[in-house]
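Participant: The sequence and its predicted three-dimensional model are supplied below.
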Amino acid sequence: MVSKSTNATHPGEVIKDELISRGIPQKDFARCIGVPYTMLNDILNERRPLSAAIALYIEASLGISADLLMGLQVDYNMKIARQNTEIRRRLRSVRSYTATSV
């Protein structure tokens, strides 16, 4: 198995940096895109994954590509999964599938 780099960025970090650089308060932005402040804050502080819907709202408001944001989320999810002890343990017992495996 090829190991992928573990330097994945949560999209919340990118969005948070953008809000700070534009001087947009989180509460105002949450109201602007129609989501609860606590939900946005959890995303920005990497406690919650970014959903496709929220990515689209952010794209409409800030012009940051929803596809880019979701790509970051997928990379981050894979980083976390690769570091998960239980997943790593189970992967050791997974064998390559062939027609004769069944």
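Facilitator: Received the coordinates, thanks. Numbering: from 1, shown residues only.

Participant: Just give me the residue right at the centre of this structure.
Facilitator: Q73 (2.3 Å; C-alpha atoms, centre = their mean).

Participant: Quick one: residues contacting that residue.
Facilitator: H10, P11, P49, L50, A55 (C-beta atoms under 8 Å, 6 or more residues apart in numbering). In this view, the C-beta of every residue, glycine as well, is placed from N, C-alpha and C.

Participant: Compare those residues and tell me which has the most neighbours.
Facilitator: Neighbour count (other C-beta atoms under 10 Å) singles out P11 as the most crowded of the contacts of Q73, with 26 neighbours.

Participant: out of the contacts of Q73, which are inside helices?
Facilitator: Cross-referencing the contacts of Q73 against helices under DSSP state H gives P11, A55.

Participant: for the lengthiest helix in the chain, the distance to its chain's centre please.
Facilitator: Longest among the helix segments of the chain by residue count, using DSSP H, is helix 66-83. Here helix 66-83 is found 5 Å from its chain centre; the criterion is C-alpha atoms, centre = their mean, to the nearest Å.

Participant: what's the closest of the contacts of Q73 to A30?
Facilitator: Using C-beta to C-beta, L50 comes nearest to A30 of the contacts of Q73, at 13.7 Å.

Participant: Am I right that the closest one is in contact with D42?
Facilitator: No. Using C-beta atoms under 8 Å, L50 makes no contact with D42, being 10.2 Å away.
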